[in-house]
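Undergrad: Let's see this in three dimensions:
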Amino acid sequence: MNQSEALHPQLNRIQQQALIVGIIGLVACVAGVFISQEQFFQSYLFGYLFWLSIALGCFAATMLYHIVGGKWGFTIRRLVETGAMTLPLMALLFIPILFGISQLYLWARPELVAESELLVHKEPYLNVPFFIGRTVFYFVIWIGLAYLLNRWSLEQDETAAPGLSRRLKILSAPGLILYVLTATFAAFDWMMSLEPEWFSSIYGVLFIAGHALLAIAFAIILTALLANYEPLSKWISRNIYNDLGNFLLAFIVFWVYIAFSQFLIIWSGNVPEEITWYIRRTQGGWQWIAVALILFHFALPFALLLGRWAKRNVRILTTIAVLVVFMQLVAIFWLVMPAFHPLGLQIHWLDVVTPIAIGGIWIAFFTWQLKRKSLLPLHDPRFQEGPGHD
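TA: Numbering: from 1, shown residues only. Below is the predicted model:
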């Protein structure tokens, strides 16, 4: 028996509903393969990158908590640990992308590589065997670290061994560095190489900033949903929401800083090979998505989160978190899809169905993992600090 047993009926219902939605979505995706295989792979990559971002964000948040501590992390520790443990599922769900490499990436087509001197120059790095090898390496690192963090965390619950907190902290410090490096190269491989003649050294950091945003927003939403159930009900306070709101605000600022820095550098350089990436995303209807990102992914959440009243109001903070999650989905769409539709904005029904299908499977797996552990790490030294109060 664990602390979350009282939640099991609710979690079972969420798991069943998510699984049903996921299966129906997958059936629709299979139909999409027969209708347009190329469109399926494009939509699948977009949906996959969104849910992978949540998993990686949770992975990074887990290690950040072990390094810096704080009551904000104590209350969401189990949630982000569980999110990190969905990485094995995401490794499995990457397989369809491997089958679609030649349809997704220009550098995987020898006849197109031969026509471009730049692609020939990049061929030692951008080739299918090395791409697959790097992908395997990334997931081995991520899953290995997530497994150890989860295993030692559960062992702490069972044994209360005092040395486990230090062990978790020692692993998290280099683990966070490895995450930043591998996630950066994964962004280069899976996203930036969709347009292989364009490059930006800051692109990977933009990908990572999205992870952080999604992880904190996701944790806020889940915390709000579970706050009325024990044992979280004894620990959740407006101070905790205030702390999580501050983190969300910080990462929104970080995300827009990175995004604007990349734009400013490329705009000031005004090099034809670089500006084409932004030209594609600021015409043909794509410009309206860019405007929406400025307004609803930065300006509105930023303005609201500046007020302490918004961060301490559960409904308002949760609404902002939902908006951030949705706009990050839009941001990934804006980053990825113009590579396939440079002449103008196109939204295919698979662009809607595929993220829902992957999300249903992901949520069902996440819920199954969450049911197997307590909602609070009782032998975490920070547990002795006592619940937070308003």
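
Undergrad: Stretch 363-370: how far from the chain's middle?
TA: Relative to its parent chain, stretch 363-370 has a centroid offset of 16 Å by C-alpha atoms, centre = their mean, to the nearest Å.

Undergrad: List the contacts of it.
TA: 4, 11, 14-16, 18-19, 22, 78-79, 82-83, 85-86, 89 (C-beta atoms under 8 Å, 6 or more residues apart in numbering). From N, CA and C alone the C-beta is placed, and that goes for glycine too.

Undergrad: So what's the model's average confidence on it?
TA: The average pLDDT for stretch 363-370 rounds to 95.

Undergrad: Show me the two of the contacts of stretch 363-370 that sit farthest apart.
TA: Gly22 and Arg78 (22.8 Å; C-beta to C-beta).

Undergrad: out of those two, which sits in the busier spot?
TA: Ranked by neighbour count (other C-beta atoms under 10 Å), Gly22 and Arg78 place Arg78 first, with 26 against 20.

Undergrad: Ignoring the adjacent residues along the chain, who's closest to the more buried one?
TA: Leu375 (5.3 Å; C-beta to C-beta, 6 or more residues apart in numbering).

Undergrad: From Arg151, how far off is that neighbour?
TA: According to C-beta to C-beta, to the nearest Å, Leu375 stands 18 Å off from Arg151.

Undergrad: Who has more neighbours out of the two?
TA: Of the pair Leu375 and Arg151, Leu375 is the one with more neighbours under other C-beta under 10 Å, namely 22 against 10.

Undergrad: Name the residues of the one helix or strand Trp362 maps to that are buried.
TA: For Trp362, the host element (DSSP states H and E) is helix 349-370. Within helix 349-370, the residues scored as buried using 16 or more other C-beta atoms under 10 Å are 350-351, 353-370.

Undergrad: Thr86 against Ala55, yeah?
TA: Yes: the pair formed by Thr86 and Ala55 meets the contact definition of C-beta atoms under 8 Å, at 4.8 Å.

Undergrad: what is in contact with the two at once?
TA: Common neighbours of Thr86 and Ala55, using C-beta under 8 Å, 6+ apart, are Trp362.

Undergrad: between these two, who's got more neighbours?
TA: A side-by-side neighbour count of Thr86 and Ala55, using other C-beta under 10 Å, places Ala55 first with 28 against 25.

Undergrad: The worst-scoring helix or strand of the chain on mean pLDDT packs against which elements?
TA: The weakest-scoring helix or strand in the chain, judged by mean pLDDT, DSSP states H and E, is helix 71-84 (a mean of 89). If you count contacts as 3 or more C-beta pairs under 8 Å, 6 or more residues apart in numbering; DSSP states H and E, helix 71-84 packs onto helix 37-68, helix 128-159, helix 203-226, helix 238-269, helix 349-370.
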